[in-house]
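Visitor: okay, here's the prediction I keep looking at, along with the sequence it came from:
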Number of protein chains: 2
Amino acid sequence: MATLGDLERAVMDLLWEHQEAITANILRDLLSQRTTDDNAESRPLAVTTVLTVLSRLEKKGLVERERASRPHRYRAVTSREEHTAELMLEVLGSAPDREAVLARFIGTVSPGEAQTLRTLLGRP
Amino acid sequence: MATLGDLERAVMDLLWEHQEAITANILRDLLSQRTTDDNAESRPLAVTTVLTVLSRLEKKGLVERERASRPHRYRAVTSREEHTAELMLEVLGSAPDREAVLARFIGTVSPGEAQTLRTLLGRP
DNA sequence: TAGAAGTTCTACAAGATGTAGAACGTGCTG
DNA sequence: CAGCACGTTCTACATCTTGTAGAACTTCTA
């Protein structure tokens, strides 16, 4: 349930960029724009496609919509950082080797990030 | 490509438990056993099923097999910790908000783990 | 009241995964 | 040497997820 498809991910990225809730139409425009930047040709998505994806994301609990306003407006339920952090925890899981995993993980972050982590962890 | 299905995951768990390479038949027995523990009824898996899953895991680079020995023997390519740590990195990704994600993430680990992390990070 | 704009339903293709029989290879044994 | 037993690979199919969008329904508003 955790993994998102490419389009779902693209939609979430846009929602995360916008603090304000936005409509499916705006999303479609932004998506088309984005795709045009990268690829050469690609007909813009249908709005229904975007709506379907939004419904699925809503079912997954990642998106919520304002049903009050007529063109419904959608927003991400959690921030990108929150979501990513949750995913990382999910991956880390409740295995008995959590500390071993953390050890490996820590070995890979950049020096700058290591410094950030030290600061965050504070001194014992 | 990162996510594994339930059966794939179960197979990997068993391979991770065994440092020695093991055969598909042994895996099938272990899987049947495990399933019987939890669920009430469930006919054991066919060996071909296990072989299919092993082939797929091999294609994904998670498993390698000794083709020399006649009943091929399979082993995990990386340890569970390694694999999990890699997954976590993949999730963390190369976003610009890596540090923000790490901040959230750190806030959720247990005190004991936090201590472990401090030790691992050393003092600046 | 009819059309425009929006939402929900329904549908299908492609890929991943679980599941396993069919077919093929190969060494041992009568 | 022929055929079986055991093992591997091929082929197949059902289900679920995701991308994609038309069809159908709803609801203002001119």
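Guide: Good, I have the coordinates. Numbering: from 1, shown residues only, chains lettered A, B, ... in the order given.
Visitor: which helix or strand contains A:Gly112?
Guide: helix A:111-121 (DSSP states H and E).
Visitor: residues contacting stretch A:117-124, please?
Guide: Identification of contacts with stretch A:117-124 by CB atoms under 8 Å, 6 or more residues apart in numbering or on different chains yields A:106, A:109, B:102-103, B:106-107, B:114-115, B:117-118, B:121, B:123-124. Placement of C-beta: from N, CA and C, glycine included.
Visitor: hey, where'd the helices end up in chain A?
Guide: A:6-17, A:24-38, A:47-59, A:80-92, A:98-106, A:111-121 (DSSP state H).
Visitor: and those, which one's lowest on average pLDDT?
Guide: When the helices of chain A are ranked by mean pLDDT, helix A:24-38 comes last with a mean of 81.
Visitor: name the residues of chain A found near DNA strand D, please.
Guide: Listed as neighbours of DNA strand D in chain A under the rule CB under 7 Å from any atom of the strand: A:1, A:3-9, A:43, A:45-46, A:48-49, A:52-53, A:56.
Visitor: which pair in those residues has the greatest spatial separation?
Guide: Between any two of the residues of chain A next to DNA strand D, the greatest separation by CB to CB is 30.7 Å, found for A:Met1 and A:Arg43.
Visitor: look up how far A:Ala10 lies from A:Gln30.
Guide: No, residue A:30 isn't Gln; it's Leu. Taking CB to CB, to the nearest Å as the criterion, A:Leu30 is separated from A:Ala10 by 9 Å.
Visitor: can you check the pLDDT for A:Gly93?
Guide: You'll see A:Gly93 listed with a pLDDT of 84.
Visitor: okay, now it: neighbour count?
Guide: 12 (other CB atoms under 10 Å in any protein chain shown).
Visitor: if I look at it, how far off is B:Ala114?
Guide: The gap separating A:Gly93 from B:Ala114 is 18 Å, by CB to CB.
Visitor: so what's A:Val77 closest to, chain neighbours aside?
Guide: Excluding its sequence neighbours, the residue lying closest to A:Val77 (CB to CB, 6 or more residues apart in numbering or on different chains) is A:Glu64, at 5.3 Å.
Visitor: return the residues in contact with the closest residue to DNA strand C within chain A.
Guide: Nearest residue of chain A to DNA strand C (CB to the nearest atom of the strand) works out as A:His72 at 3.2 Å. Contacts here follow CB under 8 Å, 6+ apart; on that basis A:His72 touches A:Thr23, A:Ala24, A:Arg65, A:Glu66.
Visitor: please list only the buried members of those.
Guide: Buried subset of the contacts of A:His72 (neighbour count, 16 or more other CB atoms under 10 Å in any protein chain shown): A:Thr23, A:Ala24, A:Arg65.
Visitor: interface residues of chain A facing chain B?
Guide: Neighbours of chain B within chain A, by CB under 8 Å from any CB of the partner chain: A:2-3, A:80-82, A:84-85, A:87-89, A:91-93, A:95, A:97-109, A:113-118, A:120-121, A:123-124.
Visitor: re earlier: is the residue nearest to A:Val77 in contact with A:Arg75, as I believe?
Guide: Yes: using CB atoms under 8 Å, A:Glu64 is in contact with A:Arg75, at 6.3 Å.
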